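Student: Pasting a predicted model and its sequence here:
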Amino acid sequence: MLKLNVYDRDSITPLRSLMTNISSLLASLLAIGIVFFLCGVNPLYAIAKIFTGSFGSMYGFQETITKAIPLILIGGGLALAFRAKFWNIGAEGQLLMGALMGTWVGLTWGSSLPSSILIPLMFAAGFIGGAFLGLIPAILKIKFSINEVISTLMLNYICAELITMLIVGPWKGNTRFGFPGTNNLNEAALLGVISGSRIHYVTLIIAIISILILSIIVYRTRFGYEVRVIGENPEAGKYAGIDFFKTTLVIMTLSGGLAGVAGVGELAGIHHYLGYPASISSGYGFTAIIVAWLAKLNPIYVLVSALFFAGILVGGDAIQISLGLPGATVQIVNGILLVFLIMGDYFLKHKVIVSFVSKNSEIACATKK
Amino acid sequence: MEDVVISVLHRTMVAGTPLLLGTIGEVICERSGILNLGVEGVMSVGAVVAFVVTYTTGNPWLALMAAILAGMIISVIHAFASITLMANQVVSGLALTMIGLGLSGMVGKPYVGKPLAVKMNDFAIPWLSDIPFVGPLFFKQSPFFYMAIIFALAAWFFLERTLAGIKVRSTGENPRATETQGVNVTLVRYICVITGGAFSAMAGAHLSTSYSKSWIEGMTAGRGWIVIALTIFALWNPGKAIFGSFLFGGVFVLQYLLQPVGISPNFLAMLPYIATLLILFGMGLRDRRRLNAPAQLGEPYKRGER
C-alpha cells in the first residue's frame, strides 16, 4: 500500500527554494511536452526549438532582451503589488494607457521639442497614464470594497476599446492608407536602439534602475515593511496603525506607472505608432504575472525570470513559424508553467514522504502505539 | 413596434443565457469556499469542444456532452492546485484561464471561420409558445435557455433547501466545523469546482453552437469575468443570478441597438465592462456584512490544524 506522510517544514532555505523552482520548471516542461504530443506536435523538437530560438543565436538573444524590457518593468511593479496581496491583473490596460499618453505627447510636441526634452516627457506622461489607471482599482478596493481582480480586468477591456476608438477615429493617421493607427511619431520621439537589434536601451536602463529602486523600497524602507504586513497579516497591520488606503495608493501608483513606462517603451522603441491594442500590449501584462511569481515577488529575481519568460515568448514565436502553431501556444506554455510553480510552493512548505507499507506492518505499527 | 420589442427582449434572453449558465457554476463553486477565476478559460474550452464535435459529427447534443466533460476535466487542475495543494486560488484560477484560452486557440485553429452546418436549434414549446408576447419571448428559445433557467432554479433549491446544499454552504462558511460533522470538506469542494467547470463549459457551448455558430479565438470576450462579477451581484444566490444575467444580456443587446444611432461601436463595446464596474460600485456602497459572501471564500483549508 502506498502511504503519504505530510509534515510542515520549519524553515525554508534559499537553496531549497531554488531547487523547488527548478523542479517545478522541469515538471512543467514534461507536462507541456505531453500537451504538445497530444496536439500532434513532436514535443522534443518543439521544446528544444523554444530554447534554441530564444537563447541559441545572437538574433534570438537580442530579441529575448528586447521582450524582457516590458516584462522587467511590469513584473517588478506586480511583485510589489502582489506582496500586498493586491491582485493587479490590469497591467495590460496600464501599459496601453501609458502608450496612449506617450502617443499624445509625441504627436503634440513631436516637431517642436528636441529629443532630450520630448522623450523624458513621454516617459513621464506614460507613468502618469499607467498610474492613473492603477489608482482607480486601488480606490475602488479600499473605499468601496470592489474586488480588484475584476476591476483591473474590466479596465483592460475598456482601455483596449478606447485605443481602438482613437485609432479608427480622431487619431487615425493620413499616412496609413485607411488602415487603423496613428501616423508614425516624429524622429525626435523615437528611442535609439543598439545597432543591429531592436533593444531600445533607454527603456532597458530605466527598467534596471526601477528594479534597483524597488528592491530598496521593499527591503530597506518602512513602506516596504508595511507592504509586506498588509499582505501577510492585515489584522496586525490595522492594529499597528498602517494606513491601508495610502499604502495601496502608493503601491498602485508604482505598479501602474511602471506598466505605463513599459507602454511608452513599446511605442517609441518598437512600434513607432499607436496601432491595434493587442499588438501594442501583446500579453505582456499577463506574462508578467508569472514573471513576478517565478521571482518569488523579489524585484531582483524579476530580472532573471523576465529574461526567462522573454525567452519563452521569442521561442514561442519561433515554433509558431516553424511548426505552424497558433499564437495561443505560448499561453498554454505560460499557464502550465504557472500552475506548476504554485503547486511547487506546496512542496516548499511541506515535506511529503511516500512510503510503501504492507498491510501487516501497518497493523504492527498501530499495535506498537 | 411590438415585433421590435419582442425581438430586442428575445435577443436579451439569448445574450443573457451564457452569463446565467456560468454564474450558476461559479455560485456553486464559491459557495463551497473556492474562488475560481478560470471561468473565462473553461468557457473557451467548452466553446471550442462543442464547435469541433458539432462540426465533425453534426450532433450538437453530443457536442454539449463533450464540452461539459472537457470543462469538468480541465477544472480538476484548479481543484487539485487550490484544494489539495492549498495553492493561492487567485493565481491558480488565472493559470486555468491561460491554459484554457491557450488550449482552445490551439485546438480550434483549423476551424476558424468555418460555419456550422447544423446548430442547436431553437425549440418552441407547443401550446405555451402561442401565448401572445410571452410565448415568443420565453417559450421559443434555444434549449440552452430552458436549461439555464431550470438549472438556476434547481441550484437555488439545492443550495437553500436540501441537506447536501447545507453541506456545501457550511463548507464555505466554516470548513472545520463542517468536518467535525462528518462531512468530507475536500470531496465537497472538488465536486463543486468540477460542477462549476461543467456549467462554464455549457456557457461556452452556447456561444459556439447556438449564439454565433462559429469559432474564433477570444470569442468569450470577457464573459467569464463578467460571470465572476455577476456572482457577487447575485449575492451568491442562483435565483437572483437569473435577474442579473438577463440585465447584462440587455447591456450586450444595447450595443447593437445604439449602433445605428451613430455612437462609436468601440464605445458601445465598452458598455458591458463599464456596467460591470458600475454594478460592483453599487454593491460596494452596501454594508459588507449584508453581502452574504461565503466566510472562507478563497481561504485554503488545512485538515487537523487548530
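Tutor: Yes, it's here.
Student: Please, which helix or strand holds the residue nearest the centre of chain A?
Tutor: Centroid check for chain A by Cα atoms, centre = their mean gives A:Ala288 as the closest residue, at 0.9 Å. Using DSSP states H and E, A:Ala288 falls within helix A:284-294.
Student: what comes into contact with that helix?
Tutor: A:21, A:70-71, A:74-76, A:78-79, A:82, A:89-95, A:156, A:259, A:262, A:266, A:301-302, A:305-306, A:308-309, A:313, A:334, A:337-338, A:341-342, B:91, B:94, B:98 (Cβ atoms under 8 Å, 6 or more residues apart in numbering or on different chains). To be clear about C-beta, it is placed using only N, CA and C from the backbone, and glycine gets the same treatment.
Student: Show the buried residues in those residues.
Tutor: A:21, A:70-71, A:74-76, A:78-79, A:82, A:89-95, A:156, A:259, A:262, A:266, A:301-302, A:305-306, A:308-309, A:313, A:334, A:337-338, A:341-342, B:91, B:94, B:98 (16 or more other Cβ atoms under 10 Å in any protein chain shown).
Student: Shouldn't A:Val354 be within a strand?
Tutor: Yes - assessed with DSSP: H, G, I helix; E, B strand; the rest coil, A:Val354 lies in a strand.
Student: List the residues that contact the closest residue to chain A within chain B.
Tutor: Residue of chain B nearest chain A, by Cβ to the nearest Cβ: B:Gly105 (2.4 Å). Applying Cβ under 8 Å, 6+ apart, we find B:Gly105 in contact with A:326-329, A:331, B:217.
Student: again, but for A:Leu348
Tutor: Going by Cβ under 8 Å, 6+ apart, the list of residues near A:Leu348 reads A:9, A:12, A:16-17, A:20.
Student: Roughly how far does it sit from chain B?
Tutor: Remark: distance between A:Leu348 and chain B (Cβ to the nearest Cβ, to the nearest Å) = 11 Å.
Student: What helix or strand is the spatially closest residue to the residue nearest to the centre of chain A that is not a sequence neighbour located in?
Tutor: Once flanking residues are discounted, A:Ala288 sits nearest to A:Ile74: 3.7 Å by Cβ to Cβ, 6 or more residues apart in numbering or on different chains. For A:Ile74, the element it lies in under DSSP H and E is helix A:58-83.
Student: Which SSE is immediately downstream of that helix?
Tutor: From helix A:58-83, the next helix or strand downstream (DSSP H and E) is helix A:91-109.
Student: How far does that following helix sit from its chain's centre?
Tutor: 19 Å (Cα atoms, centre = their mean, to the nearest Å).
Student: by contact count, what packs against that helix?
Tutor: Counting contacts by 3 or more Cβ pairs under 8 Å, 6 or more residues apart in numbering or on different chains; DSSP states H and E, helix A:91-109 packs against helix A:58-83, helix A:115-144, helix A:148-168, helix A:244-265, helix A:277-281, helix A:284-294.
Student: following the last one, which helix or strand shows up next?
Tutor: It refers to helix A:284-294. Sequence order places helix A:299-323 as the next helix or strand after helix A:284-294, per DSSP H and E.
Student: Where neighbours are concerned, which of the contacts of A:Leu348 has the most?
Tutor: Tallying neighbours with other Cβ atoms under 10 Å in any protein chain shown puts A:Thr20 at the head of those, with 18 neighbours.
Student: any idea how far it is from A:Phe340?
Tutor: 10 Å (Cβ to Cβ, to the nearest Å).
Student: Spit out the contact partners of the residue in the stretch 151-300 of chain A that chain B sits nearest to.
Tutor: In the stretch 151-300 of chain A, the residue found nearest to chain B is A:Met165; the distance is 3.7 Å by Cβ to the nearest Cβ. Going by Cβ under 8 Å, 6+ apart, A:Met165 touches B:264, B:266-267.
Student: List phi and psi for the closest residue to it other than its chain neighbours.
Tutor: Closest residue to A:Met165 apart from its sequence neighbours, by Cβ to Cβ, 6+ apart: B:Asn266 at 3.7 Å. When read as degrees, to the nearest 10, the backbone of B:Asn266 gives phi -70, psi -40.
Student: Enumerate the residues of the stretch 51-200 of chain A near chain B.
Tutor: For the stretch 51-200 of chain A, the residues in contact with chain B (Cβ under 8 Å from any Cβ of the partner chain) are A:87, A:89, A:140, A:143-147, A:149-151, A:153-155, A:157-158, A:161-162, A:164-165, A:168-169.
Student: Kindly write the ChimeraX command that selects the buried subset of the residues you listed.
Tutor: Command for ChimeraX that selects the buried part of those, burial taken from 16+ other Cβ under 10 Å:
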select /A:87,89,140,146,147,149,150,151,153,154,155,157,158,161,162,164,165,168
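Student: quick one: secondary structure of the closest residue to A:Ile65 other than its chain neighbours?
Tutor: Ranked by Cβ to Cβ, 6+ apart and with sequence neighbours excluded, the top spatial neighbour of A:Ile65 is A:Ile199, at 5.3 Å. Assigned state for A:Ile199: coil (three-state reduction, three-state DSSP).
Student: A:Ile199: what's it in contact with?
Tutor: Counted by Cβ under 8 Å, 6+ apart, A:Ile199 has contacts A:62, A:65-66, A:69, A:193.
Student: same thing with B:Met13?
Tutor: Neighbours of B:Met13 in contact, by Cβ under 8 Å, 6+ apart: B:137-138, B:141, B:145, B:246, B:249.
Student: do A:Lys141 as well
Tutor: Applying Cβ under 8 Å, 6+ apart, the residues near A:Lys141 are A:86, A:147-148, A:151, A:248.
Student: Among these, which one sits closest to B:Gly222?
Tutor: A:Ser151 (12.8 Å; Cβ to Cβ).
Student: distance of the closest residue to chain B within the stretch 201-350 of chain A from B:Ser214?
Tutor: Evaluated by Cβ to the nearest Cβ, the stretch 201-350 of chain A has A:Ala328 as its residue closest to chain B, separated by 2.4 Å. Distance of A:Ala328 to B:Ser214, given as Cβ to Cβ: 17 Å.
Student: likewise A:Asp10?
Tutor: In terms of Cβ to Cβ, A:Asp10 sits 56 Å off from B:Ser214.
Student: Pick out whichever of those two has more residues nearby.
Tutor: Per other Cβ under 10 Å, whichever of A:Asp10 and B:Ser214 has more neighbours is B:Ser214, with 18 against 6.
Student: and that one, what is it in contact with?
Tutor: Counting by Cβ under 8 Å, 6+ apart, B:Ser214 has contacts B:51, B:113-116, B:208.
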